[in-house]
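Trainee: After the sequence you'll find the predicted model.
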2 protein chains.
Amino acid sequence: MSTPPSSFSSSQRKPATRIRSTAEFAKYVGLARTTVSRVLNDQPGLKEATVTKVKQAMEETGFTPNAYALHLKGKKTATVGICMENLLTPPAVRKLARLQQKLKERGFSSLIEVLTPGTSKEVCRHFLSLRVDAIVFVGHFIEEEIAARVNEFNSQSTPHVVIDQLGIPGANSVALDRVKGMKIVIEHLIALGHTRFGLLGLSGSTRSIIDRLSGIESALTEHGLSKSESILTHDSKFIRKNDFDYGRALASAFSCAKNPPTAYVALNDEIAIGALHGFQDAGFKVPSDISIVGFNNQDICLMPKPVLTSVDQGIEETVDAAVNLLLDQIDRPSIKPRTKMIEPILIERGSCARRKK
Amino acid sequence: MSTPPSSFSSSQRKPATRIRSTAEFAKYVGLARTTVSRVLNDQPGLKEATVTKVKQAMEETGFTPNAYALHLKGKKTATVGICMENLLTPPAVRKLARLQQKLKERGFSSLIEVLTPGTSKEVCRHFLSLRVDAIVFVGHFIEEEIAARVNEFNSQSTPHVVIDQLGIPGANSVALDRVKGMKIVIEHLIALGHTRFGLLGLSGSTRSIIDRLSGIESALTEHGLSKSESILTHDSKFIRKNDFDYGRALASAFSCAKNPPTAYVALNDEIAIGALHGFQDAGFKVPSDISIVGFNNQDICLMPKPVLTSVDQGIEETVDAAVNLLLDQIDRPSIKPRTKMIEPILIERGSCARRKK
DNA sequence: TCTTGACCAAGACAGGTGTCCCAAGAAAAT
DNA sequence: ATTTTCTTGGGACACCTGTCTTGGTCAAGA
């Protein structure tokens, strides 16, 4: 951490208080404000010695021009507001991490807020008061709420993108094709000889669930299976928490029933792993007795024994597409809203096997 | 979605382009800029009708005063810059989530950047150019680099706090007492009759590792055990990755050796769970043959069978203390740097048992 | 010594906002 | 009808920066 050579004895001359403006800074350097400004903006016609003098002083004082004043002079804020559904689930965080990284590569800073129901208006106002160049939503929110925000964005031509939530009219969105996601899962299990399926946590009336159920149905009918006979669920018996313990409880419910299904499809990896443990505790062998498929392909898929087969979200692809959508809007404000679907990929591991007998 | 009652026919009158200033907005409303400004700042002496007229127009147009211009008038930016070591490990993200939430409660926005080695100067400059009210570091960084930043902060009296990294002179810091963390682990295992311990991933020369080793040593000597006879490690045999597979590899190395230790202490939960699987694959029973303790008490502790005993970091306590340190600095700029240590707590689960025989 | 450049100092303006001030207009009270 | 009180309009200034202009200083060349 050696200080670069300096004509000032650096440790002594450090100003007691922070320098807040180019005027103060110019006084410190002993030059006119305009001269300093010329150095800061790489303008020609300056003596070499002057330039180095100013740059050294910047090193010493850590002075930086006020970005807020710069913005008033017409400079872009180069800031993006990110609205997260939560910061606790690994897939959401992976998206955030990728998003922040990609935006940084393009020179944008990330402002982050977690959206609780009903706060979207306030949060977006705040972002807009900070004159962000774009706003991103990550996760599933109340549809009407986001639709209202998107409406506002469109009427003000504010660049935006909605990641993971489909069905918002007029929105730029990127989302996993969940219909297809479930379809390839069921087809995989059918190929392994399974005909009856237990659903773990796949109930509700959100767009995400409806899409996934429709994917399941589509796969079933294409293979001549009837929905009513092939599908079982015990979701309604427990308070839905979408976590490990919920999966475990569901498994025990299935285990107690007679003639349980041989294959299970879970809402997410947590539930799948909980169920896996539940079935193992009940004396079933995975995958020889029972096959289980998770969703999201998180790191925890490697934690249980056997390791969990799961559906990969293509997070990198999703976020990269979202960033591209954003940049397109920033470059061409008149561009029309677009939706990009991401193809899911089944990652086969050890929790599925051919049906016995 | 219902628009509040309005004298304008809302969907029609929406301006085609975004309103960018109070001047434009005042023209839209049909009032003087000063009058609008008075409404926005809740000044007295205004007719009721005028106030509601302006507020309705705000609803319709979504107009918000430019925060950048406000700051020029002396208003605080109410923004905090957060430097993250990474956004991929769950403990780091939990800290971020808590931090963002607590800051929001106090009215601060969160600017987030991931720091790669060598970028701290640039990132902090950027934060300072955005006139953040404080800067937070979360994670372990290159000591000299952070020390240099802290030095700059102190000379400019920039409020800051370093979470998780000790040993930075002059810094406001909050960190887990890792010495004690390891000490309570070893004491727990000694109480269960263990006398020989395998270390998983606990090698290196970072402050964090040194502290933890010193905690182990302290517990051993207090119980009359010698370090050289009680401690075994195979860390150097593999490329250290601190993940599940690394733990698994270490376990297989211990399994092959003759007379392996009966108790194992891991750097983190991932390694511990990997090792747990590795030992089980090698034919050992956990916890009857072998006891294992993780570190961090993440959610994944519940994934393996048996569930993993681990040390809780007290993330909430840590972050809350950090926020308090920040606020103290903002309120009293002359306050001296302080360090707050957080007490670790051993969470006993199923992966430890009394030593056989 | 005088001219010519090269360089810098100093002033002015714009950008959006809050606030102070004074004048103008409208409504209310006399 | 006149006066008083309420309310609004409009100008001015400060905040910080980049940029344009003008004027000044100093050294080098003629």
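Mentor: Cool, the structure landed. Numbering: from 1, shown residues only, chains lettered A, B, ... in the order given.

Trainee: dump the residue contacts of the closest residue to A:Ala282 other than its chain neighbours.
Mentor: Leaving out its chain neighbours, the residue that sits closest to A:Ala282 by Cβ to Cβ, 6 or more residues apart in numbering or on different chains is A:Ser255, at 3.8 Å. All C-beta atoms are positioned from the backbone trio N, CA, C, and that covers glycine. By Cβ atoms under 8 Å, 6 or more residues apart in numbering or on different chains, the residues touching A:Ser255 are A:Gly278, A:Phe279, A:Ala282, A:Gly283, A:Phe284.

Trainee: are any of the residues you listed buried, and which?
Mentor: Listed as buried from these are A:Gly278, A:Phe279, A:Phe284; burial here means 16 or more other Cβ atoms under 10 Å in any protein chain shown.

Trainee: Sort out for me which of those residues are in helices.
Mentor: Among these, the members found in helices (DSSP state H) are A:Gly278, A:Phe279.

Trainee: Quick one: the buried ones among the contacts of A:Ser255 as CSV, columns for distance to DNA strand D too.
Mentor: Shown next, in CSV, are the buried ones among the contacts of A:Ser255 (distance: Cβ to the nearest atom of the strand, whole Å):
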residue, distance to DNA strand D
A:Gly278, 62
A:Phe279, 64
A:Phe284, 68
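
Trainee: what's the closest of the buried ones among the contacts of A:Ser255 to chain B?
Mentor: Distance to chain B across the buried ones among the contacts of A:Ser255 (Cβ to the nearest Cβ) is lowest for A:Gly278, with 11.2 Å.

Trainee: Not counting sequence-adjacent ones, nearest residue to the closest one?
Mentor: A:Ala251 (2.7 Å).

Trainee: could you point out which element follows the helix or strand hosting that neighbour?
Mentor: Using DSSP states H and E, the element containing A:Ala251 is helix A:244-256. Note on helix A:244-256: by DSSP H and E, the next helix or strand toward the C-terminus is strand A:263-266.

Trainee: coming back round to it: and the residue nearest to A:Gly278, how many neighbours does it have?
Mentor: Neighbours of A:Ala251 under the rule other Cβ atoms under 10 Å in any protein chain shown: 29.

Trainee: which residues touch it?
Mentor: A:Ala251 touches A:Leu200, A:Tyr264, A:Gly274, A:Ala275, A:Leu276, A:His277, A:Gly278, A:Phe279, A:Asp281, A:Ala282, counting by Cβ under 8 Å, 6+ apart.

Trainee: quick one: the fourth one from DNA strand C, how far?
Mentor: Note on A:Ala275: its distance to DNA strand C, by Cβ to the nearest atom of the strand, to the nearest Å, is 54 Å.

Trainee: what's the distance between that residue and A:Lys357?
Mentor: Computed as Cβ to Cβ, to the nearest Å, the A:Ala275 to A:Lys357 distance reads 22 Å.

Trainee: buried set for the helix or strand where A:Thr318 lies?
Mentor: For A:Thr318, the element it lies in under DSSP H and E is helix A:315-331. Of all the residues in helix A:315-331, those buried under the rule 16+ other Cβ under 10 Å are A:315, A:317-323, A:325-327, A:329-330.

Trainee: Please apply the same query to stretch A:206-223.
Mentor: Neighbour-count burial for stretch A:206-223 [16+ other Cβ under 10 Å]: A:Arg207, A:Ser208, A:Asp211, A:Arg212, A:Leu213, A:Gly215, A:Ile216, A:Glu217, A:Ser218, A:Ala219, A:Leu220.

Trainee: what about the helix or strand where the fourth one lies, distance to the chain center?
Mentor: Secondary structure here is read from DSSP H and E; on that basis A:Arg212 sits in helix A:207-222. Computed by Cα atoms, centre = their mean, to the nearest Å, the separation of helix A:207-222 from the middle of its chain amounts to 24 Å.

Trainee: which other helices and strands contact that helix?
Mentor: helix A:178-191, helix A:227-230 (3 or more Cβ pairs under 8 Å, 6 or more residues apart in numbering or on different chains; DSSP states H and E).

Trainee: Find the nearest non-adjacent residue to the residue of the stretch 251-357 of chain A at minimum distance from chain B, please.
Mentor: Distances between the stretch 251-357 of chain A and chain B by Cβ to the nearest Cβ are smallest at A:Met303, namely 3.8 Å. Excluding its sequence neighbours, the residue lying closest to A:Met303 (Cβ to Cβ, 6+ apart) is B:Met303, at 3.8 Å.

Trainee: okay, now that neighbour: neighbour count?
Mentor: Neighbours around B:Met303, by other Cβ under 10 Å: 24.

Trainee: Next: A:Phe254.
Mentor: Neighbours of A:Phe254 (other Cβ under 10 Å): 22.

Trainee: quick one: it from A:Pro306, how far?
Mentor: Separation of A:Phe254 from A:Pro306 (Cβ to Cβ) stands at 18 Å.

Trainee: ditto for A:Thr35
Mentor: For A:Thr35, the distance to A:Pro306 equals 71 Å [Cβ to Cβ].

Trainee: Over to A:Asn324?
Mentor: Counting by Cβ to Cβ, the gap from A:Asn324 to A:Pro306 is 38 Å.

Trainee: A:Phe295 now?
Mentor: Counting by Cβ to Cβ, the gap from A:Phe295 to A:Pro306 is 17 Å.

Trainee: looking at this, A:Val162 is in a strand?
Mentor: Yes. The assignment for A:Val162, made by DSSP: H, G, I helix; E, B strand; the rest coil, places it in a strand.

Trainee: who's in contact with it?
Mentor: A:Val162 touches A:Val136, A:Phe137, A:Ile146, A:Val150, A:Ile168, A:Ala171, A:Asn172, A:Ser173, A:Val174, A:Ala175, counting by Cβ under 8 Å, 6+ apart.

Trainee: and if we set it to 10 Å?
Mentor: The contact partners of A:Val162, taken as Cβ atoms under 10 Å, 6 or more residues apart in numbering or on different chains, are A:83, A:135-141, A:146-147, A:149-150, A:153, A:168, A:171-175, A:322, A:325, A:337, A:339.

Trainee: can you count the residues close to whichever residue of the stretch 101-250 of chain A sits closest to DNA strand D?
Mentor: Distance from DNA strand D to each residue of the stretch 101-250 of chain A (Cβ to the nearest atom of the strand) is smallest for A:Arg131, at 15.3 Å. A:Arg131: 17 surrounding residues under other Cβ under 10 Å.

Trainee: Contacts only, for the closest residue to it other than its chain neighbours.
Mentor: Spatial nearest neighbour of A:Arg131, excluding adjacent residues (Cβ to Cβ, 6+ apart): A:Thr77 at 4.9 Å. By Cβ under 10 Å, 6+ apart, A:Thr77 lies in contact with A:67-68, A:70-71, A:108-109, A:111, A:130-133, B:67-68, B:130.

Trainee: let's see 7 Å
Mentor: Going by Cβ atoms under 7 Å, 6 or more residues apart in numbering or on different chains, A:Thr77 touches A:His71, A:Leu130, A:Arg131, A:Val132, A:Asp133.

Trainee: Same list (these) but as a markdown table, adding distance to DNA strand C, secondary structure and pLDDT.
Mentor: A markdown table is the format used below for those (distance: Cβ to the nearest atom of the strand, whole Å; DSSP: H, G, I helix; E, B strand; the rest coil; pLDDT from 0 to 100):
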| residue | distance to DNA strand C | secondary structure | pLDDT |
| --- | --- | --- | --- |
| A:His71 | 9 | helix | 94 |
| A:Leu130 | 12 | coil | 95 |
| A:Arg131 | 9 | coil | 94 |
| A:Val132 | 15 | coil | 96 |
| A:Asp133 | 16 | coil | 96 |
